[in-house]
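Engineer: no letters, just coordinates:
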């Protein structure tokens, strides 16, 4: 009985094992074919590599790097990435060159090319003290929900915060965003070699909601008036109250504008041609937020003062003697086709 069971198991393995192994081999072969560049790509990559090397010898570094980059894209090879790293080093893009030399080192070890391994390791050792580095610091108070940090359009994950990141010399833009918050933007210029800068993300200010006009919708194509009865005295009183609120808003807007200008002037001592330090950036952001608030308050205040003056004028005009002890006015509101119509009518 036991021998029969063992024979049956061996028969099943022979029956199923063969097709499964063939299928697995076909899948691996398909994956290899898919990853392998075509003969045309290999030929073009070889030609571009040779042209890039020749351009490097002629001192035409920018053109040489473009040729080598395309050759590496078409057909990644240890010799290509090593020469591309050398080209970028000559071009002054030290951080990129350092990263490519590290990649070339790994490929050389995999391929058993001791000569390339030694050359890449020597360049890595020489480049490390020359690298410029940028550190992005995010204090705990600035870690609002949904915070995203970007450098030159590429997101910087939380694991890279407060870490000196090797970067090429030149201008770099650091941006922090979060839903419902004003963005933080800092422009930093680093030297090509051995420079170090730090950007501290400030607490993102809450977005000021825009002032939107009252929208009244009506299903009918023709405006349907709605009336409200006001006496001349009430119209004048409403005008005075409305204008008073407008004056208060204008005064508040002036104060906010003064604070914005003060913050702007205070940041001048901390800002330079190539950017601002942490204190200067914080003051500049504060000036922008206060300036936006001053604009909103100023527009709202001016509108209320105008509306109050109109109400007062209508109330005063309608109070003239017309032979009636009590005069009435109607406030007309209507909407049609996505537009709003207002007006005042009555017996004056």
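Structural biologist: Okay, I see it. Since this is a predicted model, take the numbers as computed values, not measurements.

Engineer: low-confidence ranges in the chain?
Structural biologist: For the chain, residues meeting the criterion pLDDT under 70 lie at 1-35, 211, 213-230, 273, 318-348.

Engineer: domain ranges for it, per the record?
Structural biologist: Split into domains by automatic domain parsing, the chain comes to 32-129, 132-200, 229-347.

Engineer: Throw those into TSV and include mean neighbour count, thanks.
Structural biologist: Bear in mind the C-beta positions are built from the backbone N, C-alpha and C, glycine included. Formatted as TSV, the domains of the chain follow (neighbours: other C-beta atoms under 10 Å):
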stretch	mean neighbour count
domain 32-129	17
domain 132-200	15
domain 229-347	16
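
Engineer: include distance to residue 209 when you put these into JSON lines, please.
Structural biologist: Formatted as JSON lines, these follow (distance: least, C-beta to C-beta, whole Å):
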{"stretch": "domain 32-129", "distance to residue 209": "42"}
{"stretch": "domain 132-200", "distance to residue 209": "10"}
{"stretch": "domain 229-347", "distance to residue 209": "9"}
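
Engineer: can you classify residue 71 by secondary structure?
Structural biologist: The local conformation at residue 71, judged by DSSP: H, G, I helix; E, B strand; the rest coil, is helix.

Engineer: that one: what's it in contact with?
Structural biologist: Applying C-beta atoms under 8 Å, 6 or more residues apart in numbering to residue 71 gives the contacts 44-46, 48-49, 52, 80.

Engineer: can we see that at 10 Å?
Structural biologist: 41, 44-53, 77, 79-81, 83-84 (C-beta atoms under 10 Å, 6 or more residues apart in numbering).

Engineer: all helices for this structure, in order.
Structural biologist: 2-35, 39-57, 61-74, 78-91, 94-111, 114-127, 232-267, 278-318 (DSSP state H).

Engineer: gap between the residue lying closest to residue 41 once chain neighbours are set aside and residue 38?
Structural biologist: By the measure of C-beta to C-beta, 6 or more residues apart in numbering, the closest residue to residue 41 outside its immediate chain neighbours is residue 74, 4.5 Å from it. From residue 74 across to residue 38, the span is 9 Å (C-beta to C-beta, to the nearest Å).

Engineer: which neighbours do those two share?
Structural biologist: Residues touching both residue 74 and residue 38 (C-beta under 10 Å, 6+ apart): residue 44.

Engineer: rewinding a little: surely the residue nearest to residue 41 is in contact with residue 36?
Structural biologist: No: Residue 74 is beyond contact range of residue 36, at 11.9 Å (criterion: C-beta atoms under 10 Å).

Engineer: joint contacts of the two?
Structural biologist: residue 42.

Engineer: hmm, back to that, out of the helices of the chain, flag the one nearest residue 178.
Structural biologist: Evaluated over those, closeness to residue 178 peaks at helix 278-318, with 13.8 Å, by C-beta to C-beta.

Engineer: ok, and what's touching stretch 279-288?
Structural biologist: Residues contacting stretch 279-288 (C-beta under 10 Å, 6+ apart): 174, 182-187, 199-205, 259-272, 275-276.

Engineer: how does it look with 7 Å?
Structural biologist: By C-beta atoms under 7 Å, 6 or more residues apart in numbering, the list of residues contacting stretch 279-288 from outside reads 184, 186, 202, 205, 260, 263-264, 266-267, 270-271, 276.

Engineer: residue contacts, the nearest residue to residue 87 once chain neighbours are set aside?
Structural biologist: In this structure, residue 87 finds its nearest non-sequential neighbour in residue 65, 4.4 Å apart by C-beta to C-beta, 6+ apart. If you count contacts by C-beta under 7 Å, 6+ apart, residue 65 has them with 84, 87-88, 91.

Engineer: how about CSV for these, with distance to residue 250 added?
Structural biologist: What follows is these, written out as CSV (distance: C-beta to C-beta, whole Å):
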residue, distance to residue 250
84, 62
87, 62
88, 58
91, 57
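
Engineer: residue 183 touches residue 173, doesn't it?
Structural biologist: No: using C-beta atoms under 7 Å, residue 183 makes no contact with residue 173, being 11.3 Å away.

Engineer: ok, back up a step: distance check, the residue nearest to residue 41 against residue 39.
Structural biologist: Residue 74 is 11 Å from residue 39, by C-beta to C-beta.

Engineer: repeat that for residue 71.
Structural biologist: Applying C-beta to C-beta, the value for residue 71 to residue 39 is 15 Å.

Engineer: same question, residue 311
Structural biologist: 84 Å.

Engineer: same check, this time on residue 212
Structural biologist: Residue 212 is 63 Å from residue 39, where distance means C-beta to C-beta.

Engineer: same check on residue 114?
Structural biologist: 30 Å.

Engineer: skip the chain neighbours and tell me the closest residue to residue 311.
Structural biologist: Using C-beta to C-beta, 6+ apart, the nearest residue to residue 311 is residue 239, at 3.3 Å.

Engineer: that neighbour: what's it in contact with?
Structural biologist: Neighbour list for residue 239: 308-309, 311-312, 315 [criterion: C-beta under 7 Å, 6+ apart].

Engineer: likewise residue 250?
Structural biologist: Going by C-beta under 7 Å, 6+ apart, residue 250 touches 298, 301-302.
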